[in-house]
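In: what follows is a protein structure lacking sequence information:
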């Protein structure tokens, strides 16, 4: 096999065909998700801290007291604004958990799963953004090999996300909705 056509890439492409996924679209969407992950986490942390500070400042000296105030005494407008901010944080948390779940699947991949996980983590998820030269040194790889493994990692991440994590979430939401309907809620 040539440098650009490793056995792992061949297997990943076969998985794309089995799941009827366009490889190019999968790669681009996966790269997009990964490229914003660091900023999404940073934003979520900032928004969570703001909500916490606002609760304590506006409602009480402690978080428990602030939540009791919002539930019992706060005007509807303040409660609705708080609920919207919390809902947004939970939606972001779900996205982060989907990515984390997909990373776990990448790690479990039998051929270089740990390596792919390290590449994705250092390239897209760590707090510190590494430059190419730093990544090559850390990974102890030639540039061409690094980019081949990175492409494989991104594709495998996409398969894990759209082929496993998101369908699992959809099923969970459907099961929850069905349970609520059965209970008459």
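Out: Alright, I've got the coordinates. It should be emphasised that the depicted structure is a prediction, and the values quoted were computed from it without experimental measurement. Residues are numbered from 1 along each chain as shown.

In: excluding its backbone neighbours, what's nearest the residue positioned nearest the centre of the chain?
Out: The residue at the geometric middle of the chain, judged as the C-alpha nearest the mean C-alpha position with Cα atoms, centre = their mean, is residue 99 (2.4 Å). Nearest residue to residue 99, sequence neighbours excluded (Cβ to Cβ, 6 or more residues apart in numbering): residue 37, at 5.9 Å. C-betas here are computed from N, CA, C, even on glycine.

In: contacting residues around the one you found?
Out: With contacts taken as Cβ atoms under 8 Å, 6 or more residues apart in numbering, residue 37 has the following neighbours: 96, 99, 124, 125.

In: related to what we said a few turns ago, touching, the residue nearest to the centre of the chain and residue 161? I think so.
Out: Yes - with contact taken as Cβ atoms under 8 Å, residue 99 and residue 161 are classed as touching, separated by 7.0 Å.

In: what residues do the two have in common as contacts?
Out: With contacts defined as Cβ under 8 Å, 6+ apart, the residues adjacent to both residue 99 and residue 161 are residue 33.

In: if we can go back for a sec, of the contacts of residue 37, just say which sits nearest to residue 48.
Out: Proximity of the contacts of residue 37 to residue 48 was ranked by Cβ to Cβ; the top entry is residue 96 with 11.6 Å.
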